[in-house]
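S.K.: Build me a model:
(one chain, ligands or ions: 1)
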Amino acid sequence: MDKEISANGSQTARETVLELRHLTRKFGQRIAVNELDLQVYRGDVFGLLGPNGSGKTTTIRMIVNLVRPNVGEVLLFGQSLQQRHFSTSILGRVGSLIEQPTFYPFLSGQDNLLGIASFAGMSDTQVTRSRIDESLELVGLADRRKDRVQTYSLGMKQRLGIAAALLQRPDLVILDEPTNGLDPAGVFHIRQIIQHIARQGITIVVSSHLLYEVEQMCSRVAILEQGKLLVQDEVQNLLQKHRGMTVMFDDASVLEKAFSAMRVFITQQSWLQGCQVLHADPNDKGPIGEYALSIDCPSEYASRLNRLLGEQGIYAAEIRRQKLTLEDFFLRLTAQPQHMQPDQKKEGAGV
Ligand SMILES: Nc1ncnc2c1ncn2[C@@H]1O[C@H](COP(=O)(O)OP(=O)(O)OP(=O)(O)O)[C@@H](O)[C@H]1O
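M.R.: Just a heads-up that it's a prediction; the model follows:
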C-alpha cells in the first residue's frame, strides 16, 4: 500500500496492483531493461513510454511472465512471479495484448474468442459465451462477431485482441502498442475503449508512442530510456511541475541583458534548469512577441524569477506560464538539449 495525501489533506491508501523491483534483463551484452522500479496502483491507466528500443516490450513481457528477468522481480497483486511457488492463478487476473494479435482468418471473431477461452481453460458453457458477448460488446464488435476475421480491418483485429484480453474479467490489462499502425479514427476508437474499460474498475498498463493519446487517457506514466527509468509520476504533476515560463521584453537590448543575467542565475539557483531565446529575430513576429526567453523552471517560481531580474534592473514586459504537453516533456527529457542547461553552465553555452 502507498499513502497519498488528497486535496482535503486526508491520507488515502492506494493498493499496488503491479510492482517492479530492480527489474533487469540482458540479451547477450545488451541491457534491455536496467534496474527498473515501478508501481502501478489500482485504477491507474498507466502509460509506459520511451523511444524505440528503450525496453517497453521487454518489460511487458516480463510482467506477463513471457521473459524471465536476470535480476529483480515482478509482483502482481503483492505476489512475486520469481518466487519458487507462485500461484499461477495470479496470471489469470491479468489480460494482455502483446504486439499484433494472431487469429484464425477463416473463423469468426466469436469463434476465435471461443478457441482462446478454451485454451485458457474456460469450457464452452453459457457463462463463457456470455463473457465472449460481453467482451465483444465492450470493444464495439458485437455486430461483426459472426464475420470471418479475414474481413476485419487492422483496427478491428486490434479490438478483437483487446476483447481476448478481457475474456477472463481480469483486474489488470496490459496492452503493448494497441494503436500500432492504426489511422486516427482507429486510434481514437481504441482510446475510447481503454477509457471505457478503466471505468469498469480495471487497472490498465499501456505502452505507446502516441503521446497525445497517452496524455488524454493515462493517469500516470513512466518514461524509459535505454532500459532505465527516467521518471514516473501522475501526468498532471509532470506537466504542472515542468511547464516553464516565457518571459517577454520590450526590446533586443533588454533581452540581451536578461539572457546574460540568466547565465549567472542558472549557476546560482538550483530551481532554474535552462534558458533559451525565442523569436530574437526582429523580423520574426511570432505569436509570443519579438523578444522572449523560454525558461525551464517550475511555474510557481514566476515571481521569484521576476524579482531576480528586477534586482539587476531588468524589467520583463510579461511573464507567462507555458502550457506543456506530454510530447514537449517527453522530447525535453529524451532529446539532446539545444539550449543552455545547468551542466553546460561552466562553458557559458548559449542558444
Ligand atoms: N529477444 C531479443 N534478443 C536480443 N535483443 C533483444 C531481444 N528483445 C529485445 N532486444 C533488445 O532489447 C532492447 C529493448 O527492446 P524492446 O523491444 O524491449 O524495446 P521497446 O521500447 O519495446 O522498442 P519499440 O518501441 O521499438 O517497440 C533493444 O535494444 C532490442 O534490440
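S.K.: For residue 45, see how far away whichever residue of the stretch 251-351 of the chain sits closest to the ligand is.
M.R.: Here the residue of the stretch 251-351 of the chain nearest the ligand is residue 334; by Cβ to the nearest ligand atom that distance is 11.6 Å. Where C-beta positions appear, they are placed from N, C-alpha and C, glycine not excepted. As judged by Cβ to Cβ, to the nearest Å, residue 334 and residue 45 stand 21 Å apart.
S.K.: If you count surrounding residues, which of the two has more?
M.R.: Neighbours per residue, other Cβ atoms under 10 Å: of residue 334 and residue 45, the larger number sits with residue 45, 23 against 16.
S.K.: beta partners of the more buried one?
M.R.: residue 204 (DSSP bridges).
S.K.: all strands for the stretch 1-150 of the chain, in order.
M.R.: Counting by DSSP state E, counting those that start in this stretch, the stretch 1-150 of the chain has strands at residues 2-5, 11-14, 16-27, 30-41, 45-49, 71-76, 79-80, 94-97.
S.K.: pLDDT weak spots in the chain?
M.R.: Residue ranges of the chain with pLDDT under 70: 1-12, 279-289, 335-351.
S.K.: Surely residue 175 is within a strand?
M.R.: Yes: the assignment for residue 175 by DSSP: H, G, I helix; E, B strand; the rest coil puts it in a strand.
S.K.: helix/strand/coil for the residue nearest to it when sequence neighbours are not counted?
M.R.: Excluding the flanking residues, the one nearest residue 175 by Cβ to Cβ, 6 or more residues apart in numbering is residue 206, at 4.5 Å. Here residue 206 is recorded as strand under three-state DSSP.
S.K.: got it, and residue 333?
M.R.: Bear in mind the rule, three-state DSSP; under it residue 333 is helix.
S.K.: measure it to residue 269 for me?
M.R.: Using Cβ to Cβ, one gets 21 Å for the distance from residue 333 to residue 269.
S.K.: residues in contact with the residue of the stretch 251-351 of the chain closest to the ligand?
M.R.: Going by Cβ atoms under 8 Å, 6 or more residues apart in numbering, residue 334 touches 50, 51, 223, 225, 230.
S.K.: sorry, back to before: how about the contacts made by the residue nearest to residue 175?
M.R.: Going by Cβ under 8 Å, 6+ apart, residue 206 touches 45, 46, 47, 48, 174, 175, 178, 194, 214, 217, 218.
S.K.: picking that back up, would you mind measuring from the residue of the stretch 251-351 of the chain closest to the ligand to residue 226?
M.R.: In terms of Cβ to Cβ, residue 334 sits 10 Å off from residue 226.
S.K.: Just want the most central residue of this protein.
M.R.: residue 47 (3.1 Å; Cα atoms, centre = their mean).
S.K.: so it makes contact with residue 207?
M.R.: Yes: Residue 47 sits in contact with residue 207 when judged by Cβ atoms under 8 Å, with a separation of 7.5 Å.
S.K.: list the residues that contact both of these two?
M.R.: With contacts defined as Cβ under 8 Å, 6+ apart, no residue is shared by residue 47 and residue 207.
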